[in-house]
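J.: Okay, predicted coordinates and the sequence, questions at the end:
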Amino acid sequence: MIKTKKTGRYANIIPMAELNTKEKRLNPFPIYDQLRQSTPVRYDESRSCWDVFRYEDVHRILKDPATFSSKRGMDIRKRENILIMDPPRHTQMRGLVNKAFTPKVVADLAPHITSITNALLDAVLDHGKMDIVSDLAVPLPVIVIAELLGVPTEDRQLFKEWSDILVKGPDENTEEAFNQVVAENAQASEELSAYFARIVEQRRSEPKDDLISLLLAAEIEGQKLNDEEVIAFSILLLAAGNETTTNLIANAVRRLTEDQALQRQLKENPDLIPSFIEEVLRFYPPVQAIGRVATRDVEIGGMQIKAGDQVISWVASANRDEAKFKDPGSFVVDRKPNPHLAFGFGIHFCLGAPLARLEGQIALRTILERLQDIQFVTGSELSYIQSPFVYGVKQYPITFQAI
Ligand code: HEM
């Protein structure tokens, strides 16, 4: 694990000084545009890390895991999981769960995801108003991932609380704020581990048809995974699957309310929903930045990066790079091609991307089938998710007419 040289803190959980107001945290994109123009690759003394803003550079970093290692300091949760592993272990471990997330396996979940979405909407439809975050965008992915893992969906409030803490970062660059987040993280991690330890023990004696049982039965070169490894994987899936997909759904509905013509267009032509979701991923990426550590001295964008330096790749900036996307500041519902980096790139490309896309598409399709005239409740206070890399809002109240 690599801490920053100067402060001893983990650079990639400290917010950039430029994002120092609520408005900027809610809409950081103009700042990324400025930084991409002025300092496309820069060393930030206050966070002791490099920031990389251009598409070409971000892409190059993500596709070169030998030079840019994932064994970074993000994981203050201590456990090893595939997100922070390098080959060859990464390749082996990823191979194990790949089968559970192929597009075919995931596509078969569609009817079930549709019925969960419908049930969640049934509960609020008569009211004519809802909070898209807490009423749909939070519970849908939590229920789906809990069912896949084989853990009780009734515990979903707990999962939400734990995974919120796991993606949380300090709100300011001070030792006190940093230590507080580290302590909260450590506690959530302990609780989650204890929770999953119980389930792992149960599944060892009585396997079921779920992901935890599959992981327990799996072997790498004749060797089974130990309990610690299965627990770490489960925690990663729960956290990675929740926080991100929630924000994809919420950001997509936010976009619908920001552009009523777009809302009508999608209603009339639901075939546009898959490309709409891709454009939401480009425009409002739920994961803004991805961290790596340089394994050797290397030049990026004319700057000399040293072995051991932390490098933060700003996906949210790369996705709006004018050198890659035509008219990047415009939301183009049928943009093609759309090579956004919202799910990363290369060997760590998001394992859950087929599932996230499916959930996003089904959520939007069902919303547009059952709701019309969807409007943001003007004047409502918006607050951002306190995380240095997850982008979204904590609540998003809407009004609508039920169809
Ligand atoms: C990796 C984004 C949903 C599981 C990643 C990475 C990104 C990402 C950017 C690459 C990180 C890196 O290179 O270091 C997203 C977004 C999602 C989403 C934007 C939703 C819109 C999900 C879901 C799951 C999931 C639903 C699981 C059920 C994972 C896992 C990895 C990963 C296990 C690690 C893969 C590896 O290291 O090989 N995700 N994710 N994600 N994601 Fe997702």
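T.: Looks like it came in fine.

J.: And for whatever residue of the stretch 251-400 of the chain ends up closest to the ligand, the neighbour number?
T.: Among the residues of the stretch 251-400 of the chain, Gly352 lies closest to the ligand, at 2.0 Å counting by CB to the nearest ligand atom. No exception for glycine: its C-beta is placed from N, CA and C like everyone else's. Per other CB atoms under 10 Å, the neighbour tally for Gly352 reads 23.

J.: how about the closest residue to it other than its chain neighbours, what does it touch?
T.: Nearest in space to Gly352, with sequence neighbours left out and distances taken as CB to CB, 6 or more residues apart in numbering, is Gly241 at 5.4 Å. When contacts are counted by CB atoms under 8 Å, 6 or more residues apart in numbering, Gly241 touches Pro141, Val144, Ile145, Gly352, Leu355, Ala356.

J.: Please read off the pLDDT at Gly241 from the model.
T.: Gly241 is assigned a pLDDT of 82 by the prediction.

J.: Check which helix or strand it maps to.
T.: Under the criterion DSSP states H and E, the helix or strand holding Gly241 is helix 227-258.

J.: and that helix with the ligand, contact?
T.: Yes: judged by CB under 6 Å from any ligand atom, helix 227-258 and the ligand are in contact via Leu236, Leu237, Ala240, Gly241, Thr244, Thr245, Leu248.

J.: ok, back up a step: in JSON lines: the contacts of Gly241, plus secondary structure.
T.: As requested, these are exported to JSON lines (DSSP: H, G, I helix; E, B strand; the rest coil):
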{"residue": "Pro141", "secondary structure": "helix"}
{"residue": "Val144", "secondary structure": "helix"}
{"residue": "Ile145", "secondary structure": "helix"}
{"residue": "Gly352", "secondary structure": "coil"}
{"residue": "Leu355", "secondary structure": "helix"}
{"residue": "Ala356", "secondary structure": "helix"}
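
J.: tell me the two of the residues of helix 227-258 next to the ligand that are most distant?
T.: Distance extremes for the residues of helix 227-258 next to the ligand: the farthest pair is Leu236 and Leu248 at 17.9 Å, using CB to CB.

J.: Tell me which of these two has more neighbours.
T.: Leu248 (25 against 22).

J.: In contact with the residue most central in space within the chain, which residues are there?
T.: Nearest to the geometric centre of the chain sits Thr244, at 3.2 Å (CA atoms, centre = their mean). Listed by CB under 8 Å, 6+ apart, the contact partners of Thr244 are Pro286, Val287, Gly352, Ala356, Val390.

J.: Retrieve the pLDDT associated with the residue nearest to the first one when sequence neighbours are not counted.
T.: Here the nearest residue to Pro286 in space, its sequence neighbours aside, is Asn247; by CB to CB, 6+ apart that works out to 3.8 Å. Note for Asn247: predicted pLDDT of 96.

J.: Please tell me I have it right and Asn247 contacts Tyr391.
T.: Yes: with contact defined as CB atoms under 8 Å, Asn247 reaches Tyr391; the gap is 6.3 Å.

J.: any common contacting residues for those two?
T.: Tyr284, Pro286, Ile385.

J.: pLDDT (mean, whole number) over whichever helix or strand comes after the helix holding Gly241?
T.: Of the helices and strands lying after helix 227-258 in sequence (DSSP H and E), the nearest is helix 260-268. Averaging pLDDT along helix 260-268 yields 97.

J.: can you pull the buried residues of helix 260-268?
T.: Within helix 260-268, the residues that count as buried by 16 or more other CB atoms under 10 Å are Leu262, Gln263, Leu266, Lys267.

J.: Next: stretch 191-206.
T.: Leu192, Ser193, Tyr195, Phe196, Ile199, Val200, Arg203.

J.: Tabulate the residues you listed (CSV), appending secondary structure.
T.: What follows is these, written out as CSV (three-state DSSP):
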residue, secondary structure
Leu192, helix
Ser193, helix
Tyr195, helix
Phe196, helix
Ile199, helix
Val200, helix
Arg203, helix
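
J.: Same list, these, but as CSV with pLDDT and distance to the ligand please.
T.: Below are the buried residues of stretch 191-206 laid out as CSV (pLDDT from 0 to 100; distance: CB to the nearest ligand atom, whole Å):
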residue, pLDDT, distance to the ligand
Leu192, 91, 15
Ser193, 91, 17
Tyr195, 94, 17
Phe196, 94, 15
Ile199, 95, 17
Val200, 94, 18
Arg203, 95, 18
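
J.: Return the member of the shared contacts of Asn247 and Tyr391 nearest to Val230.
T.: Among the shared contacts of Asn247 and Tyr391, and counting by CB to CB, the member closest to Val230 is Pro286, at 26.1 Å.

J.: hang on, that closest one packs against Glu243?
T.: Yes: shown here, Pro286 and Glu243 form a contact pair, counting by CB under 8 Å, at 7.4 Å.

J.: where do the contact lists of those two overlap?
T.: Val390.

J.: Excluding chain neighbours, what is closest to Ile249?
T.: Nearest non-adjacent residue to Ile249, counting by CB to CB, 6+ apart: Ala137, 3.9 Å away.

J.: Can you name the residues that contact the one you found?
T.: Thr245, Thr246, Asn247, Ile249, Ala250, Val253, Ala363, Tyr396.

J.: May I see these organised as JSON lines, with neighbour count added?
T.: As requested, these are exported to JSON lines (neighbours: other CB atoms under 10 Å):
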{"residue": "Thr245", "neighbour count": "26"}
{"residue": "Thr246", "neighbour count": "28"}
{"residue": "Asn247", "neighbour count": "26"}
{"residue": "Ile249", "neighbour count": "29"}
{"residue": "Ala250", "neighbour count": "27"}
{"residue": "Val253", "neighbour count": "24"}
{"residue": "Ala363", "neighbour count": "29"}
{"residue": "Tyr396", "neighbour count": "23"}
